[in-house]
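Q: Prediction below, plus the sequence it came from.
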Amino acid sequence: MAQFDTRRITMSIPWNIMLLTVGGILFSFGLKAIAVPHGFISGGLFGAAMLLFYQTDLLSLAFWYVVVNIPVLLLGWFSLTHRFFFYSLYGMVITTIAAQFITVVVPLADPMLAAVASGSVCGVGLAIMLRSLGSDGGLTIVAMVLHQKYNLKVGGFSLMFNVVLFLLAMFYMPVDTLLYSIVMVYIYSGILDYSMAVVNQRKMVIIISDNSEKIAAEIMERMHKGVTYLYAKGAYTNRERHVILTVVQNYQLKRLEELVYTIDDKAFLIMENTYNVIGRGFSERKRY
(Lines give C-alpha, C1' and ligand atoms only; values in the text may rest on other atoms or scores of the structure.)
Protein backbone atom coordinates (compact mmCIF):
# COMPACT_ATOMS: atom_id res chain seq x y z
CA MET A 1 0.00 0.00 0.00
CA ALA A 2 2.83 2.42 0.84
CA GLN A 3 4.39 1.87 -2.58
CA PHE A 4 1.08 2.58 -4.30
CA ASP A 5 0.58 5.79 -2.36
CA THR A 6 4.10 7.00 -3.15
CA ARG A 7 3.66 6.34 -6.84
CA ARG A 8 0.28 8.05 -6.85
CA ILE A 9 1.82 11.17 -5.32
CA THR A 10 4.68 11.31 -7.83
CA MET A 11 2.21 10.97 -10.70
CA SER A 12 -0.12 13.66 -9.36
CA ILE A 13 -0.47 17.11 -10.90
CA PRO A 14 0.25 19.07 -7.66
CA TRP A 15 3.51 17.17 -7.09
CA ASN A 16 4.77 17.76 -10.63
CA ILE A 17 3.71 21.42 -10.57
CA MET A 18 5.61 21.86 -7.31
CA LEU A 19 8.79 20.29 -8.75
CA LEU A 20 8.65 22.41 -11.89
CA THR A 21 7.95 25.58 -9.90
CA VAL A 22 10.74 25.16 -7.37
CA GLY A 23 13.22 23.91 -9.98
CA GLY A 24 12.40 26.66 -12.47
CA ILE A 25 12.80 29.42 -9.89
CA LEU A 26 16.13 28.02 -8.70
CA PHE A 27 17.43 27.67 -12.26
CA SER A 28 16.43 31.24 -13.15
CA PHE A 29 17.87 32.57 -9.90
CA GLY A 30 21.23 30.95 -10.59
CA LEU A 31 21.38 32.58 -14.02
CA LYS A 32 19.72 35.96 -13.43
CA ALA A 33 21.14 36.76 -10.00
CA ILE A 34 24.64 35.30 -10.44
CA ALA A 35 25.53 34.53 -14.07
CA VAL A 36 24.04 37.57 -15.86
CA PRO A 37 25.84 40.21 -13.72
CA HIS A 38 29.13 38.61 -14.80
CA GLY A 39 28.13 38.28 -18.46
CA PHE A 40 28.14 34.45 -18.47
CA ILE A 41 26.04 32.35 -20.82
CA SER A 42 24.57 28.96 -20.06
CA GLY A 43 24.05 26.04 -22.40
CA GLY A 44 20.88 25.25 -24.33
CA LEU A 45 18.24 27.71 -25.51
CA PHE A 46 18.59 29.82 -22.36
CA GLY A 47 22.23 30.32 -23.31
CA ALA A 48 21.19 31.36 -26.82
CA ALA A 49 18.70 33.82 -25.31
CA MET A 50 21.41 35.22 -23.03
CA LEU A 51 23.75 35.75 -25.99
CA LEU A 52 21.00 37.56 -27.93
CA PHE A 53 20.20 39.68 -24.87
CA TYR A 54 23.84 40.72 -24.42
CA GLN A 55 24.32 41.58 -28.09
CA THR A 56 21.08 43.45 -28.75
CA ASP A 57 20.59 45.07 -25.32
CA LEU A 58 16.90 45.19 -26.23
CA LEU A 59 13.93 44.26 -24.06
CA SER A 60 14.66 41.56 -21.46
CA LEU A 61 16.28 38.16 -21.10
CA ALA A 62 12.86 36.61 -20.46
CA PHE A 63 11.57 38.06 -23.74
CA TRP A 64 14.39 36.48 -25.76
CA TYR A 65 13.88 33.16 -24.00
CA VAL A 66 10.24 33.16 -25.09
CA VAL A 67 11.23 34.06 -28.66
CA VAL A 68 13.67 31.17 -29.07
CA ASN A 69 11.17 28.78 -27.48
CA ILE A 70 8.24 29.51 -29.81
CA PRO A 71 9.37 27.21 -32.69
CA VAL A 72 10.45 24.59 -30.17
CA LEU A 73 7.02 24.53 -28.53
CA LEU A 74 5.35 24.13 -31.92
CA LEU A 75 7.64 21.21 -32.67
CA GLY A 76 6.87 19.62 -29.30
CA TRP A 77 3.10 19.97 -29.72
CA PHE A 78 3.10 17.89 -32.89
CA SER A 79 5.75 15.37 -31.85
CA LEU A 80 5.45 14.61 -28.12
CA THR A 81 2.71 13.48 -25.77
CA HIS A 82 0.43 16.27 -24.62
CA ARG A 83 1.13 15.48 -20.96
CA PHE A 84 4.86 15.96 -21.40
CA PHE A 85 4.26 19.04 -23.57
CA PHE A 86 2.01 20.85 -21.08
CA TYR A 87 4.26 20.08 -18.11
CA SER A 88 7.26 21.32 -20.10
CA LEU A 89 5.32 24.40 -21.19
CA TYR A 90 4.57 25.15 -17.54
CA GLY A 91 8.25 24.66 -16.68
CA MET A 92 9.25 27.09 -19.42
CA VAL A 93 6.66 29.66 -18.29
CA ILE A 94 7.82 29.49 -14.66
CA THR A 95 11.46 29.84 -15.72
CA THR A 96 10.56 32.83 -17.92
CA ILE A 97 8.51 34.60 -15.23
CA ALA A 98 11.25 34.07 -12.65
CA ALA A 99 13.87 35.39 -15.07
CA GLN A 100 11.73 38.48 -15.65
CA PHE A 101 11.04 39.39 -12.03
CA ILE A 102 14.22 38.31 -10.23
CA THR A 103 16.17 41.53 -9.78
CA VAL A 104 18.41 40.66 -6.85
CA VAL A 105 22.14 40.36 -7.55
CA VAL A 106 24.33 38.05 -5.48
CA PRO A 107 27.43 40.13 -4.56
CA LEU A 108 30.23 37.90 -5.82
CA ALA A 109 33.24 39.81 -7.14
CA ASP A 110 35.33 36.76 -8.06
CA PRO A 111 34.09 35.39 -11.42
CA MET A 112 35.27 31.86 -10.60
CA LEU A 113 33.23 31.83 -7.40
CA ALA A 114 30.29 33.19 -9.40
CA ALA A 115 30.67 30.38 -11.96
CA VAL A 116 30.73 27.75 -9.22
CA ALA A 117 27.79 29.27 -7.36
CA SER A 118 25.68 29.75 -10.48
CA GLY A 119 26.45 26.25 -11.73
CA SER A 120 25.54 24.73 -8.37
CA VAL A 121 22.19 26.52 -8.08
CA CYS A 122 21.27 25.85 -11.71
CA GLY A 123 22.22 22.18 -11.39
CA VAL A 124 19.98 21.67 -8.38
CA GLY A 125 17.14 23.49 -10.12
CA LEU A 126 17.42 21.40 -13.29
CA ALA A 127 17.64 18.17 -11.28
CA ILE A 128 14.40 19.04 -9.47
CA MET A 129 12.63 19.86 -12.73
CA LEU A 130 13.73 16.66 -14.43
CA ARG A 131 12.32 14.60 -11.55
CA SER A 132 8.88 15.68 -12.79
CA LEU A 133 6.90 14.31 -15.73
CA GLY A 134 7.95 17.33 -17.77
CA SER A 135 11.13 19.30 -18.31
CA ASP A 136 12.49 22.81 -18.42
CA GLY A 137 11.38 23.09 -22.06
CA GLY A 138 13.81 24.53 -24.57
CA LEU A 139 16.53 22.25 -25.84
CA THR A 140 15.15 19.25 -23.94
CA ILE A 141 12.08 19.19 -26.19
CA VAL A 142 14.18 19.33 -29.37
CA ALA A 143 16.44 16.58 -28.08
CA MET A 144 13.47 14.32 -27.28
CA VAL A 145 11.92 14.83 -30.72
CA LEU A 146 15.19 14.04 -32.50
CA HIS A 147 15.68 11.00 -30.29
CA GLN A 148 12.26 9.62 -31.19
CA LYS A 149 12.47 10.35 -34.92
CA TYR A 150 16.15 9.70 -35.66
CA ASN A 151 17.38 7.84 -32.55
CA LEU A 152 19.89 10.59 -31.78
CA LYS A 153 21.21 10.46 -28.24
CA VAL A 154 19.78 13.21 -26.05
CA GLY A 155 23.12 13.97 -24.39
CA GLY A 156 24.97 13.89 -27.70
CA PHE A 157 22.65 16.41 -29.33
CA SER A 158 22.83 18.74 -26.32
CA LEU A 159 26.61 18.57 -26.42
CA MET A 160 26.72 19.38 -30.14
CA PHE A 161 24.35 22.33 -29.68
CA ASN A 162 26.39 23.74 -26.82
CA VAL A 163 29.65 23.35 -28.75
CA VAL A 164 28.20 25.35 -31.64
CA LEU A 165 26.77 27.94 -29.23
CA PHE A 166 30.08 28.50 -27.45
CA LEU A 167 32.03 28.60 -30.72
CA LEU A 168 29.66 31.31 -31.91
CA ALA A 169 29.99 33.14 -28.59
CA MET A 170 33.77 33.33 -29.10
CA PHE A 171 33.19 36.10 -31.65
CA TYR A 172 31.15 38.23 -29.24
CA MET A 173 32.48 37.56 -25.73
CA PRO A 174 35.84 37.97 -24.00
CA VAL A 175 37.70 34.68 -23.84
CA ASP A 176 37.97 34.67 -20.05
CA THR A 177 34.22 35.26 -19.66
CA LEU A 178 33.53 32.44 -22.09
CA LEU A 179 35.78 30.10 -20.14
CA TYR A 180 34.02 30.98 -16.88
CA SER A 181 30.74 30.20 -18.65
CA ILE A 182 32.06 26.78 -19.65
CA VAL A 183 33.03 26.14 -16.02
CA MET A 184 29.50 27.07 -14.94
CA VAL A 185 27.90 24.72 -17.49
CA TYR A 186 30.29 21.91 -16.57
CA ILE A 187 29.40 22.28 -12.88
CA TYR A 188 25.64 22.29 -13.34
CA SER A 189 25.83 19.37 -15.78
CA GLY A 190 27.86 17.39 -13.24
CA ILE A 191 25.50 18.22 -10.38
CA LEU A 192 22.53 17.29 -12.56
CA ASP A 193 24.03 13.89 -13.44
CA TYR A 194 25.00 13.20 -9.83
CA SER A 195 21.60 14.21 -8.46
CA MET A 196 19.74 12.04 -10.94
CA ALA A 197 22.01 9.07 -10.21
CA VAL A 198 21.57 9.36 -6.44
CA VAL A 199 17.80 9.60 -6.66
CA ASN A 200 17.40 6.78 -9.19
CA GLN A 201 19.91 4.36 -7.72
CA ARG A 202 18.58 1.14 -6.18
CA LYS A 203 20.17 -2.01 -4.81
CA MET A 204 19.76 -5.31 -6.58
CA VAL A 205 20.23 -8.08 -4.01
CA ILE A 206 20.88 -11.77 -4.61
CA ILE A 207 20.34 -14.01 -1.58
CA ILE A 208 21.63 -17.56 -1.34
CA SER A 209 20.23 -19.47 1.61
CA ASP A 210 18.92 -22.88 2.67
CA ASN A 211 15.84 -21.00 3.96
CA SER A 212 15.05 -19.13 0.74
CA GLU A 213 11.29 -19.83 0.87
CA LYS A 214 10.95 -18.39 4.39
CA ILE A 215 13.14 -15.37 3.55
CA ALA A 216 11.14 -14.70 0.37
CA ALA A 217 7.87 -14.83 2.28
CA GLU A 218 9.15 -12.37 4.89
CA ILE A 219 10.44 -9.94 2.23
CA MET A 220 7.05 -9.90 0.53
CA GLU A 221 5.05 -9.67 3.74
CA ARG A 222 7.14 -7.28 5.84
CA MET A 223 8.87 -5.17 3.18
CA HIS A 224 6.22 -5.37 0.46
CA LYS A 225 8.87 -6.10 -2.15
CA GLY A 226 8.65 -8.44 -5.09
CA VAL A 227 10.83 -11.54 -5.13
CA THR A 228 12.01 -13.70 -8.00
CA TYR A 229 13.42 -17.20 -7.68
CA LEU A 230 16.48 -18.07 -9.72
CA TYR A 231 16.97 -21.81 -10.09
CA ALA A 232 20.59 -22.63 -9.32
CA LYS A 233 22.81 -25.60 -8.63
CA GLY A 234 25.79 -25.56 -6.30
CA ALA A 235 29.02 -26.57 -8.00
CA TYR A 236 30.51 -28.02 -4.79
CA THR A 237 27.43 -29.59 -3.25
CA ASN A 238 25.80 -30.49 -6.57
CA ARG A 239 22.51 -29.53 -4.89
CA GLU A 240 19.70 -27.56 -6.52
CA ARG A 241 18.25 -24.59 -4.66
CA HIS A 242 16.26 -21.38 -5.03
CA VAL A 243 18.28 -18.16 -5.17
CA ILE A 244 16.36 -15.00 -4.32
CA LEU A 245 16.55 -11.90 -6.50
CA THR A 246 15.00 -8.66 -5.25
CA VAL A 247 15.44 -4.91 -5.64
CA VAL A 248 15.15 -2.46 -2.73
CA GLN A 249 15.60 1.24 -2.07
CA ASN A 250 18.97 2.24 -0.65
CA TYR A 251 17.50 3.10 2.75
CA GLN A 252 15.88 -0.37 2.99
CA LEU A 253 19.15 -2.26 2.65
CA LYS A 254 19.94 -2.53 6.38
CA ARG A 255 16.41 -3.68 7.11
CA LEU A 256 16.77 -6.39 4.47
CA GLU A 257 20.07 -7.53 5.95
CA GLU A 258 18.53 -7.82 9.42
CA LEU A 259 15.58 -9.75 8.05
CA VAL A 260 17.77 -12.24 6.18
CA TYR A 261 20.31 -12.86 8.93
CA THR A 262 17.62 -13.19 11.58
CA ILE A 263 16.32 -16.19 9.63
CA ASP A 264 19.65 -17.58 8.39
CA ASP A 265 22.93 -16.29 9.84
CA LYS A 266 24.85 -18.26 7.20
CA ALA A 267 23.07 -16.67 4.22
CA PHE A 268 25.13 -15.27 1.37
CA LEU A 269 24.17 -11.79 0.07
CA ILE A 270 25.35 -10.11 -3.12
CA MET A 271 24.43 -6.42 -3.46
CA GLU A 272 24.84 -4.46 -6.67
CA ASN A 273 24.06 -0.86 -7.56
CA THR A 274 21.50 -0.28 -10.29
CA TYR A 275 21.17 3.11 -11.98
CA ASN A 276 17.43 2.90 -12.44
CA VAL A 277 14.54 0.46 -12.03
CA ILE A 278 11.41 0.89 -14.12
CA GLY A 279 8.34 -1.00 -13.01
CA ARG A 280 5.66 -1.26 -10.38
CA GLY A 281 6.78 0.12 -7.04
CA PHE A 282 9.70 2.03 -8.54
CA SER A 283 9.86 4.44 -11.48
CA GLU A 284 7.46 4.72 -14.37
CA ARG A 285 8.80 5.08 -17.89
CA LYS A 286 8.68 8.73 -18.85
CA ARG A 287 6.57 9.10 -21.98
CA TYR A 288 7.72 11.86 -24.34
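A: That came through, no problem.
Q: Okay, strands next: where are they in the stretch 1-150 of the chain?
A: Assigned strands in the stretch 1-150 of the chain: none (criterion: DSSP state E, counting those that start in this stretch).
Q: Can you pull out the low-pLDDT segments for this structure?
A: For the chain, the stretches flagged by pLDDT under 70 are 1-7, 147, 151-156, 196-201, 251, 275-288.
Q: biggest helix in it, by residue count?
A: Of all segments of type helix in the chain, defined using DSSP state H, the longest is helix 175-200.
Q: Which elements pack onto that helix?
A: Using 3 or more C-beta pairs under 8 Å, 6 or more residues apart in numbering; DSSP states H and E as the contact definition, the elements that helix 175-200 packs against are helix 111-129, helix 154-169. Backbone N, C-alpha and C define where each C-beta goes, glycine included.
Q: name the helices or strands packed onto the first one?
A: If I follow you right, that is helix 111-129. Other helices and strands packing on helix 111-129, by 3+ C-beta pairs under 8 Å, 6+ apart, are helix 13-29, helix 175-200.
Q: Can you check what angle separates it from helix 175-200?
A: For helix 111-129 and helix 175-200, the angle between their directions (axes from the mean of the first three to the mean of the last three C-alpha atoms, to 10 degrees) works out to 30 degrees.
Q: Name the SS class of Lys225, please.
A: Assigned by DSSP: H, G, I helix; E, B strand; the rest coil, the conformation of Lys225 is coil.
Q: circling back: looking at the helices and strands packed on helix 111-129, which is nearest to Arg239?
A: helix 175-200 (37.5 Å; C-beta to C-beta).
Q: Tell me the buried residues in that closest one?
A: Taking 16 or more other C-beta atoms under 10 Å as the basis for neighbour counts, the residues of helix 175-200 that come out buried are 177-178, 180-185, 187-189, 191-192, 195-196.
Q: repeat for stretch 166-177
A: In stretch 166-177, the ones that count as buried by 16+ other C-beta under 10 Å are Phe166, Ala169, Met173, Thr177.
Q: May I ask you to confirm that the second one is in contact with Ser42?
A: No. With contact defined as C-beta atoms under 8 Å, Ala169 and Ser42 do not form a contacting pair (10.9 Å).
Q: so what sits against both of the two?
A: In the contact map built from C-beta atoms under 8 Å, 6 or more residues apart in numbering, the residues linked to both Ala169 and Ser42 are Ser181.
Q: pretty sure Asp264 contacts Ala216?
A: No. In terms of C-beta under 8 Å, Asp264 does not count as a neighbour of Ala216; the distance is 11.8 Å.
Q: Neighbour count: the two, which is higher?
A: Ala216 (21 against 16; other C-beta atoms under 10 Å).
Q: So the more buried one versus Gly30, what's the distance?
A: Distance check for Ala216 against Gly30: by C-beta to C-beta, to the nearest Å, it reads 47 Å.
Q: again, but for Gly39
A: Taken as C-beta to C-beta, the spacing of Gly39 relative to Gly30 amounts to 15 Å.
Q: So for these two, which sits in the more crowded spot?
A: Using other C-beta under 10 Å, the more surrounded residue of Gly39 and Gly30 is Gly30, with 26 against 15.
Q: Distance check, that one against Gly43.
A: 13 Å.
Q: What of Leu245?
A: Computed as C-beta to C-beta, the Leu245 to Gly43 distance reads 40 Å.
Q: With neighbour numbers in mind, choose between the two.
A: Comparing Leu245 with Gly43 by other C-beta under 10 Å, the one with more neighbours is Gly43, at 24 against 16.
Q: Would you confirm that the more buried one contacts Asn162?
A: Yes. In this structure, Gly43 sits in contact with Asn162. The criterion is C-beta under 8 Å, and the distance is 4.2 Å.
Q: where do the contact lists of the two overlap?
A: Going by C-beta under 8 Å, 6+ apart, residues that sit against Gly43 and also against Asn162 are Val185.
Q: And for the nearest residue to Val142 once chain neighbours are set aside, the neighbour number?
A: Of all residues not flanking Val142 in the chain, Val72 sits nearest, at 5.7 Å (C-beta to C-beta, 6 or more residues apart in numbering). Around Val72 there are 19 other residues, counting by other C-beta under 10 Å.
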